[in-house]
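**Q** Following is a predicted model, sequence given first.
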Amino acid sequence: MDAVVSTDGTAADLAIGVAWDMAVHKQSPSEALFGNLISFGIGFGIGRGISGIGRLAGRNADNVNVRGGNTRIENTNQNIGAGSRNWKLDDAQPTDKIPNQAHINSCASACSVVLLRDQGIHLLEEDVMKYVDTDGSDMVTFRRLQNPLNKIMDDLLPNSSISFVRGAFDDLRQISYFTDNNRHVMANLQQHAIIIENIDFERGIITILDPWGNGYGTGIAFEGTLSFEKFNELHRRSGSEILVPLDGSKIK
């Protein structure tokens with residue numbers, strides 16, 4: 001018999017918990033599901049079966065509490081938007097790995113280009129902005145961004161098991177799970193969206209792709225670094241919020 005979950009943020013919460021425990025703790029699907037259901041109190045309303053959670057995760061999820069391993073981290077402030085960079089990026093060099101944001105507050109749309117490219121979807125920043133319904137003058141929250149990204153997936157890769165899910169992580173080792181195999185993570189650093197390219201635990205630095213670069217509309221984006229200490233300081237000022245692609249096929 002399929003387990004049943006509600007179609008709110010609990011679905012995304014459960015999906016990330018199950019995927020995490022299977023990938024990191026090498027649990028079987030049934031073990032991971034059981035452990036997460038127990039952790040969440042098995043207090044779910046009747047909804048879709050767990051076999052459909054791959055496309056359910058992240059859809060209309062308003063209250064995502066991201067769980068990794070045995071740690072439950074409560075949801076971030078959902079109303080913190082992302083716009084311009086007002087902090088210093090170390091070792092900054094021009095890069096073409098991310099587009100330079102064309103507008104003062106379009107950093108989240110520019111970062112979305114990288115996340116979608118990881119899935120084989122090649123769109124321009126302006127294409128993403130149309131889905132988000134923004135002209136780049138207003139700050140976009142990750143909560144607002146999530147559903148348009150999933151709409152893009154539905155429109156352009158309807159058979160994909162990937163869904164974009166936002167939530168709060170303040171553990172760099174947990175975040176690093178999502179950067180394996182050249183994948184990327186979007187993070188909100190003091191109200192500015194960036195892409196995490198790599199986390200180097202030996203050197204204690206994080207490689208960042210920054211759409212602001214030399215300033216919006218200059219055509220020059222930056223790749224640079226932040227120390228763990230500085231990253232954590234900036235990240236916590238925006239509720240430790242990240243947006244990641246979740247592969248629902250791992251929990252079918």
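**A** Sure thing, it's come through.
**Q** pLDDT score for Asp247?
**A** Listed pLDDT for Asp247 reads 82.
**Q** what about it, distance to Asn232?
**A** According to Cβ to Cβ, to the nearest Å, Asp247 and Asn232 sit 27 Å apart. Placement of C-beta: from N, CA and C, glycine included.
**Q** and Arg144, that one's in a helix?
**A** Yes. Looking at Arg144 with DSSP: H, G, I helix; E, B strand; the rest coil, it is inside a helix.
**Q** how many neighbours does the spatially closest residue to it that is not a sequence neighbour have?
**A** With sequence-adjacent residues excluded and distances taken as Cβ to Cβ, 6 or more residues apart in numbering, Arg144 is closest to Val132, at 6.9 Å. A count of neighbours around Val132, defined by other Cβ atoms under 10 Å, yields 22.
**Q** With Thr141 instead?
**A** 22.
**Q** Okay, and the beta partners of it?
**A** Taking DSSP bridges, one finds Gly81 as the beta-bridge partners of Thr141.
**Q** How confident is the prediction for it, by pLDDT?
**A** Model confidence at Thr141 (pLDDT) stands at 90.
**Q** Setting aside sequence neighbours, what's the nearest residue to Ile208?
**A** Ile194 (5.1 Å).
**Q** Is the one you found in contact with Ala110, as I believe?
**A** No. In this structure Ile194 lies outside contact range of Ala110 using Cβ atoms under 8 Å: 9.7 Å.
**Q** Now the common contact residues for those two.
**A** Pro211 (Cβ atoms under 8 Å, 6 or more residues apart in numbering).
**Q** Quick check: which helices or strands does whichever strand or helix holds Ile206 pack against?
**A** Here Ile206 sits within strand 205-210, counting by DSSP states H and E. Secondary-structure packing of strand 205-210 (3 or more Cβ pairs under 8 Å, 6 or more residues apart in numbering; DSSP states H and E): strand 90-95, strand 193-200, strand 221-227, helix 228-236.
**Q** That's all I had, so thanks and see you.
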